[in-house]
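Enquirer: Predicted model, plus sequence, below.
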Amino acid sequence: MRAILLSGGLAAICSLLGTRLAIGWFTRHGLGQPIRDDGPTTHHIKRGTPTMGGLVILVSATAAYLAATTVTGGRPSASVLLLLLLFLGCGAVGFLDDFIKVYTQNNQGLTSRAKMAGQTVVALVFGILATQLFADERGVRPASQYLSTTHDWGIKLPLVVVLLVIWFIVTATSNGANFADGADGLLAGTSAMVFGAYTVVNYWQNNHRCGSPEPTVLESQCYQVRDPLDLAVFAAAIATACIGFLWWNAKPARIIMGDVGSLAIGGALAGLAIMSRTELLLVVIAGLFVLEAMSVFLQMSYFKVTRKITGTGRRIFRIAPIHHHFEHLGWDEVTVVIRFWIIAGLCVVAGLGIFYADWLS
């Protein structure tokens, strides 16, 4: 618990102060955000706002975790090193995308294929290492070859299938987080809630690990996971780093997270779900990201199908992702963000409720 509190506190302070410094540095060097022309007209005033602020979240969370772990006498576990691979690897893909946008002053960065290729490499390297190596003294590896809601179930899947599942979770979650990064404070606030939930999940799993010497841990209720406490420490660091960043990212945003932050957040969230054996529960806990991603998928699919059938593409929403749709309907951006935070909070509560109800049963 000391490590969790220390990690969270340090990350919040580093992010709060570091973001303020980043705003000045990015402004002096002209690292401003280009804005999509087909987006809400109210967003055009954001053109030139310092971007790539997600770098502060990456540095703050990583440094805070390492400091808290060292101070409390621990050392990074295999699970967190793999989580760092996803966090920093997906962040590197996002950084390259952001850099191209800023350098060319065009909202088109990496091509979708190039971005997907980078995410795929990171996801597959993580998948192979997490499922095949780093078994602890009990033989438990960071990731399993089963599907899981709160515990493994079904049959052991072939490695190829498992890697495809991991690839899908990583790319879908990182892109879902990326889609949510379109309104001031929306992604930062939602991420703080979601990573806070995974802090609770991993801390609870640590107190009920299979093989625990505690007499209160029942075999029928225990969790076959590796390094849950260390994962909780890092999840807390990301959650509070997002809160520190939100201070400056709330409307009117002084800085924008950029793809470097959104892709990293999505990658880390996918890693936490995979290594805590809650892949299917992630759909509930991160329900807002699912909603954002599904709105884009439905919009694109419906447009292509109607264009093929009628010759003219039609749209379900005025614009996707869905939070922009409501802005086009006339909702104020702050109203959209607060209501979407409420949706995200309800999803988190529902996910934690399912997690606890399963333990009780």
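Expert: In hand now; what should we look at?
Enquirer: burial measure for the nearest residue to residue 243 once chain neighbours are set aside, as a count.
Expert: Nearest residue to residue 243, sequence neighbours excluded (CB to CB, 6 or more residues apart in numbering): residue 192, at 4.9 Å. To be clear about C-beta, it is placed using only N, CA and C from the backbone, and glycine gets the same treatment. By other CB atoms under 10 Å, 22 other residues sit near residue 192.
Enquirer: from memory residue 192 sits against residue 244, does it?
Expert: No: using CB atoms under 8 Å, residue 192 makes no contact with residue 244, being 9.5 Å away.
Enquirer: Any regions of the stretch 101-250 of the chain where pLDDT drops low?
Expert: 215-217 (pLDDT under 70).
Enquirer: all helices for it, in order.
Expert: Counting by DSSP state H, counting those that start in this stretch, the stretch 101-250 of the chain has helices at residues 112-132, 159-180, 186-207, 228-249.
Enquirer: So which of those has the densest surroundings on average?
Expert: helix 228-249 (a mean of 27; mean count of other CB atoms under 10 Å).
Enquirer: on contacts alone, who are the packing partners of that one?
Expert: helix 2-28, helix 54-71, helix 78-104, helix 186-207, helix 258-275 (3 or more CB pairs under 8 Å, 6 or more residues apart in numbering; DSSP states H and E).
Enquirer: So what would you say the end-to-end distance of stretch 213-220 is?
Expert: 15 Å (CA to CA, to the nearest Å).
Enquirer: Show residues contacting stretch 343-351.
Expert: With contact meaning CB atoms under 8 Å, 6 or more residues apart in numbering, stretch 343-351 is reached by 189-190, 193-194, 196-197, 281, 284-288, 291.
Enquirer: Buried residues in that stretch, which are they?
Expert: The neighbour-count check on stretch 343-351 (16 or more other CB atoms under 10 Å) flags 344-345, 347-348, 351 as buried.
Enquirer: In helices only, show me these.
Expert: Among the buried residues of stretch 343-351, the members found in helices (DSSP state H) are 344-345, 347-348, 351.
Enquirer: I'd like those residues written out as TSV, with distance to residue 295 added.
Expert: Formatted as TSV, those follow (distance: CB to CB, whole Å):
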residue	distance to residue 295
344	15
345	19
347	15
348	20
351	20
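Enquirer: and which of these is nearest residue 152?
Expert: Comparing these against residue 152 with CB to CB picks out residue 351 as the nearest, at 18.1 Å.
Enquirer: The closest one - nearest residue in space that isn't next to it in sequence?
Expert: In this structure, residue 351 finds its nearest non-sequential neighbour in residue 285, 3.4 Å apart by CB to CB, 6+ apart.
Enquirer: What score does that neighbour have for pLDDT?
Expert: Per-residue pLDDT puts residue 285 at 97.
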